[in-house]
Each structure stands twice: as structure tokens, then as C-alpha cells.
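Chemist: 3D, please:
(one chain, ligands or ions: 1)
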Amino acid sequence: MRYVVVGLHAAGRSACAYLRRADPAAEIVGVDPAPLPVYARPLISYALAGEMPPEAMTVADDAFFQSLGVTLARERAVALDVGRGLVGLASGREVAFDRLLLACGAGPRPAGVSGPLCHEICFFRGRTDLARVMDRVRPGGVAAVLGGGLVGFKLTMGLLARGMAVHLVVASPRPLALNVDEYVGDWVGRRLADAPGVTLHTSTSVREVEAGTARPLRLRLNTGESLEVDLAAAGKGVIPRIQWLADSGLDLDQGVLADGYLRTADERIYAAGDVAQVPDMVHGDARINAVWPVAVEQGRVAALNMAGVRAAYPGTLAQNAIPVFGSRMISVGAVNPAFTAGAESVVADGPRGSYLKLVFRDDRIIGAVGLDAPPRLGELAFAIRRGLRRRDIPDFWLDNPKNAAPLAAPGGALTGNARLG
Ligand SMILES: Cc1cc2nc3c(=O)[nH]c(=O)nc-3n(C[C@H](O)[C@H](O)[C@H](O)COP(=O)(O)OP(=O)(O)OC[C@H]3O[C@@H](n4cnc5c(N)ncnc54)[C@H](O)[C@@H]3O)c2cc1C
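Modeler: Residues are numbered from 1 along each chain as shown. As a prediction, the model looks like this:
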């Protein structure tokens with residue numbers, strides 16, 4: 001049996017480990033043009049902030065793949081011939097597979113900006129982007145960050161830590177609009193607006209980039225204003241890398257469509273990670289939840305199924321936890337107002353501004369967003385995976401968001417300062 005894994009980052013690395021465990025004698029070929037070592041992509045924001053050296057991001061080097069007996073092809077896959085069972089590589093070489101995993105991830109979404117210097121906009125997806133941003137960092141200088149999602153927020157914090165003033169330009173009325181509810185988005189917006197060195201521009205976008213006079217770049221905004229900056233970096237989401245699969249005959253939508261076993265339209269081919277569009281646990285349709293633990297878990301489940309160990313994937317689940325100005329912000333499942341129409345919510349405002357909102361549909365919890373709330377991300381994810389009913393949510397979560405017990409003792413009713421929305 002020959003397994004071919006295209007992409008060796010979070011999903012592909014995890015898959016290689018589980019393929020070897022499930023099938024000790026098989027041949028495993030890993031295809032990826034990116035130089036080793038594999039590093040934890042989320043950590044580039046900590047490296048930008050100066051909180052860790054880039055070398056500390058390493059999660060797997062040559063020795064890791066050697067120990068698994070993975071043969072590495074350090075080049076890009078450019079074509080998939082499903083009929084002949086072949087992956088075409090950039091060099092013209094072809095690699096035959098019995099089972100194939102597509103784990104080629106996603107690239108940064110273009111910033112949607114024109115003008116003579118639009119190529120000067122940096123992205124923030126990997127090590128090379130980090131180096132490009134670092135080259136342009138000027139302590140005491142001015143930066144612009146395009147995009148108010150989690151990556152835009154992390155870029156802003158990192159550049160502030162490097163001593164730059166930051167214009168955060170957000171197309172939505174509030175930051176983190178896709179990740180949290182309006183309350184938490186507004187709270188983050190207020191904190192950003194009050195933070196020394198940050199200027200928050202909401203409902204605003206950058207149209208053009210041209211040469212500046214006082215600083216290298218001038219950004220023209222849709223409001224008619226312009227900003228002069230030393231550095232402009234965009235974090236506007238990701239686009240799954242599916243272009244090379246356009247003629248493959250696989251079902252493609254935003255990503256590669258895969259079923260509850262992470263199998264694509266072809267039973268020999270699987271997909272995992274940021275490239276995989278798979279059934280979502282709370283939304284019911286197929287989605288991409290582009291986060292590291294989801295990619296690792298999908299790599300594991302896909303590998304087991306490829307090796308003939310039937311493993312159902314329970315569905316993908318959006319989940320984020322980040323520190324925000326000294327507070328712990330968490331969100332899990334369905335919390336974006338655009339996707340929770342008709343759902344009921346229970347909100348608890350705790351002492352010192354702690355906050356927890358639980359979203360229910362048909363009496364089952366489908367989402368949660370919190371600020372310094374008692375339940376941990378894992379506990380909330382567990383509650384959603386189990387589809388806990390409202391009566392099974394511990395009182396303490398909502399009675400006193402600062403002083404709660406873990407999800408070990410279900411059974412209480414909603415009381416205290418909780419209110420039904
Ligand atoms: C700045 C930043 C912060 C983040 N923060 C967090 C966080 O805090 N928490 C969290 O959970 N997630 C975070 N993420 C998201 C997380 O990093 C991704 O979800 C995860 O890396 C996805 O892993 P993946 O293996 O699916 O894809 P990728 O990490 O995109 O890796 C895909 C691999 O495939 C290779 N490849 C691509 N095309 C081809 C091809 N044609 N042929 C061969 N190989 C190919 C690439 O070289 C790459 O090695 C963050 C991401 C960024 C950029």
C-alpha cells in the first residue's frame with residue numbers, strides 16, 4: 001500500500017504519524033515544497049511580538065519524518081489524475097498512490113487593494129511573511145493593519161509590541177465580527193480605540209497604495225482620507241489551495257468537499273485541514289474551520305480511514321481562545337449573529353466585566369462566547385459536542401462567571417443573573 005500525503009503541516013504531519021501507527025509496513029510519501037522544519041504557524045504572531053525566537057516555533061524536523069519512514073518529495077503538487085491514481089509534481093515527475101490525502105492548506109486572501117505599490121502589502125501566513133514584516137518594522141514608525149479578524153488583531157498587538165503606532169482598518173462596524181458576538185466585538189473595539197498607539201478605523205477599507213511623501217506608503221481609504229505608513233500588512237482570511245485540483249473531477253466548493261469520514265468524491269482520496277470543507281457540527285452544512293487543532297484532528301481521522309480503520313469524524317467546530325488586553329476571550333461554535341438567527345441565547349454579566357453568552361437551538365447548546373468566563377474552551381466545546389440541554393448547563397457558569405465549577409456536575413436550572421435573549 002502506498003499512501004501519498006500532499007502538504008506536511010498541521011494536518012499532513014498528524015496524518016503521517018497516524019498512518020505509520022495504523023500501517024507499520026506501508027510506504028508513505030510526503031509531498032511539500034516548504035523547507036523543513038515544520039513550525040507552529042500560530043506562533044508567528046508571538047515571534048512578531050518578540051515573545052519567542054522564530055527557532056522555538058519548530059514542531060517537526062527531518063528526524064521526525066525519518067523516524068516514521070516517510071519518503072519526502074520536496075516539491076509542489078500541480079496536478080491530480082484521479083483516473084490513473086497519479087499526483088503530478090512541479091518537476092514533471094508523477095507519484096502513484098493507493099490512498100491520497102490532500103492537506104495542502106490555505107493561502108492568504110488577497111487584500112483587494114489596487115494602486116502602484118499594492119504589492120508592498122505584506123501578508124501574515126508563514127515564516128516568510130514574518131521575515132517580510134520584520135524587515136519593514138520601524139520602532140517609532142507607523143503601520144497599517146488591514147482586517148479586523150483574529151490575525152489582524154494579532155498583527156496589531158505584535159506591531160505595537162515592536163514600538164510602532166498602528167492604524168487598524170476594519171471593513172466591519174466592529175473588530176472580530178466573524179468570531180464573536182456584538183457585545184464582545186464592541187468591547188474589543190473600545191479597548192482598541194483606547195489603547196495607546198492604536199487608531200481604529202471601522203466600516204473602512206483601503207482602496208489604493210501609492211508612494212507616500214513623509215513615509216514610504218500612502219494608503220487611500222474609501223472614506224476619502226489617506227494614511228502614510230512605513231508598513232502595511234493584511235490579515236483578511238484565507239483561501240484554500242484548490243486551484244491545482246480544478247480539473248481533477250473532485251467536488252470542490254470553497255475547499256475540497258469531504259464527508260463524515262473525510263473522504264472526497266473518490267473513495268481513495270481524503271482531505272484534512274484548512275483545505276477541507278467538511279460537515280460542521282452545529283451549522284449542519286459543510287464548512288472550513290481554519291484552526292490548528294481541527295487540522296490535527298482531521299489529519300488523524302483521515303489517516304485512520306485511509307488505513308482501513310473506520311473512524312467517523314464528528315464534525316468540525318469553530319473554536320478560538322486568545323488573550324485580549326489582559327482578558328481571556330473564547331468563542332466556540334455558532335456565535336456570529338449572521339448564523340444564529342432564530343436561536344435563543346442566555347447571557348450572564350459577571351463582576352469586573354466578565355461575560356458569558358450561550359447560544360441554544362432547540363434547547364441544545366450550539367455556541368458560546370465569553371470574556372473571562374469560567375468555563376474553559378475545552379469544556380464549552382465538550383458541551384456543544386454532547387449537545388447539552390439548557391437544564392444540564394451548570395448553574396455556576398451563569399450565576400457567577402468569575403467563580404464557577406467545571407462541567408462535572410450537570411443538572412441545574414438557569415438562575416442568578418442570567419437573562420434569556
Ligand atoms: C498568523 C496566524 C495565526 C494563527 N493563529 C491560530 C491560533 O491561535 N490557533 C489556531 O488554532 N490556529 C491558528 N491559525 C491557523 C492555523 O495555523 C491553521 O489552521 C493550520 O496551520 C492549518 O494547517 P493545515 O495543515 O491544514 O494547512 P497549512 O498550515 O496551510 O499547511 C499546508 C501545507 O501544504 C503545503 N502545500 C500547499 N500547497 C501544496 C501543493 N500544491 N503541493 C504540496 N504541498 C503544498 C504548504 O507548503 C504547507 O506546508 C493561525 C494562522 C495564522 C496564519
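Chemist: next SSE after the longest helix anywhere in the chain?
Modeler: Taking DSSP state H as the criterion, the chain has its longest helix at helix 292-306. Next helix or strand after helix 292-306 toward the C-terminus (DSSP states H and E): strand 319-324.
Chemist: average pLDDT for the helix or strand following that next one?
Modeler: Downstream of strand 319-324, the next assigned helix or strand under DSSP H and E is strand 327-333. For strand 327-333, mean pLDDT is 92.
Chemist: could I get the full set of helices for the chain?
Modeler: Residue ranges of the helices in the chain, as given by DSSP H, are 10-22, 44-48, 62-68, 127-136, 150-161, 182-194, 292-306, 377-386, 395-399.
Chemist: in TSV: those, plus distance to A321 and mean pLDDT.
Modeler: All C-beta spots, glycine's among them, are computed from the backbone N, C-alpha and C. Output for those, formatted as TSV (distance: least, CB to CB, whole Å; pLDDT from 0 to 100):
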stretch	distance to A321	mean pLDDT
helix 10-22	17	98
helix 44-48	14	97
helix 62-68	27	96
helix 127-136	22	97
helix 150-161	10	97
helix 182-194	13	92
helix 292-306	10	97
helix 377-386	4	93
helix 395-399	16	77
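Chemist: can you add mean neighbour count and distance to the ligand and give those helices back as JSON lines?
Modeler: Below are the helices of the chain laid out as JSON lines (neighbours: other CB atoms under 10 Å; distance: least, CB to the nearest ligand atom, whole Å):
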{"stretch": "helix 10-22", "mean neighbour count": "24", "distance to the ligand": "3"}
{"stretch": "helix 44-48", "mean neighbour count": "22", "distance to the ligand": "5"}
{"stretch": "helix 62-68", "mean neighbour count": "14", "distance to the ligand": "13"}
{"stretch": "helix 127-136", "mean neighbour count": "16", "distance to the ligand": "8"}
{"stretch": "helix 150-161", "mean neighbour count": "23", "distance to the ligand": "5"}
{"stretch": "helix 182-194", "mean neighbour count": "18", "distance to the ligand": "16"}
{"stretch": "helix 292-306", "mean neighbour count": "24", "distance to the ligand": "3"}
{"stretch": "helix 377-386", "mean neighbour count": "19", "distance to the ligand": "10"}
{"stretch": "helix 395-399", "mean neighbour count": "22", "distance to the ligand": "23"}
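Chemist: nearest to L86, of those?
Modeler: Minimum separation from L86 across the helices of the chain (CB to CB) falls at helix 292-306, 17.1 Å.
Chemist: quick one: G299 and H9 touch, right?
Modeler: No - with contact defined as CB atoms under 8 Å, G299 does not count as touching H9 (9.3 Å).
Chemist: overlap in contacts, the two.
Modeler: Counting by CB atoms under 8 Å, 6 or more residues apart in numbering, the residues touching both G299 and H9 are 103, 273.
Chemist: who in the stretch 201-350 of the chain is up against the ligand?
Modeler: By CB under 6 Å from any ligand atom, the part of the stretch 201-350 of the chain that sits against the ligand consists of 241, 244, 273-274, 290-293, 295.
Chemist: mind running it again at 8 Å?
Modeler: 235, 238, 241, 244, 272-276, 290-296, 298-299, 319-322 (CB under 8 Å from any ligand atom).
Chemist: next to the ligand, which bits of the stretch 51-200 of the chain? Give me the list.
Modeler: Counting by CB under 8 Å from any ligand atom, the stretch 51-200 of the chain sits next to the ligand at 75-78, 89, 103-108, 124-126, 129, 150-151, 154-155.
Chemist: can I get the buried part of the residues you listed as one ChimeraX selection?
Modeler: A single ChimeraX command selects the buried members of those (16 or more other CB atoms under 10 Å):
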select :76,77,89,103,104,105,106,108,124,125,126,129,150,151,154,155
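Chemist: narrow the residues of the stretch 51-200 of the chain next to the ligand to those in strands?
Modeler: 77-78, 89, 106-108 (DSSP state E).
Chemist: what is the nearest of those to V359?
Modeler: Distances from V359 to those, taken by CB to CB, are shortest for A106, at 26.6 Å.
Chemist: in the stretch 201-350 of the chain, which residue sits closest to the ligand?
Modeler: Closest residue of the stretch 201-350 of the chain to the ligand, CB to the nearest ligand atom: G273 (2.1 Å).
Chemist: OK, contacts around that residue?
Modeler: 7, 9-12, 103, 105, 294-295, 298-299.
Chemist: pretty sure R99 contacts R268?
Modeler: Yes - shown here, R99 and R268 form a contact pair, counting by CB under 8 Å, at 5.4 Å.
Chemist: what about the two, which has more around it?
Modeler: Neighbour totals were compared for R99 and R268, and R99 leads with 25 against 13 (other CB atoms under 10 Å).
Chemist: which ones are touching the more buried one?
Modeler: Applying CB under 8 Å, 6+ apart to R99 gives the contacts 1-4, 268-270, 306-307.
Chemist: in TSV: those residues, plus distance to L380.
Modeler: Listed next are the contacts of R99 as TSV, based on distance: CB to CB, whole Å:
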residue	distance to L380
M1	39
R2	41
Y3	35
V4	37
R268	37
I269	33
Y270	29
M306	31
A307	32
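Chemist: in strands only, show me those.
Modeler: Per DSSP E, the contacts of R99 map to strands at 2-4, 269-270.
Chemist: among those, the buried ones, what's the PyMOL command?
Modeler: The buried residues among these can be selected in PyMOL (16+ other CB under 10 Å) with this line:
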select buried, resi 3+4+269+270
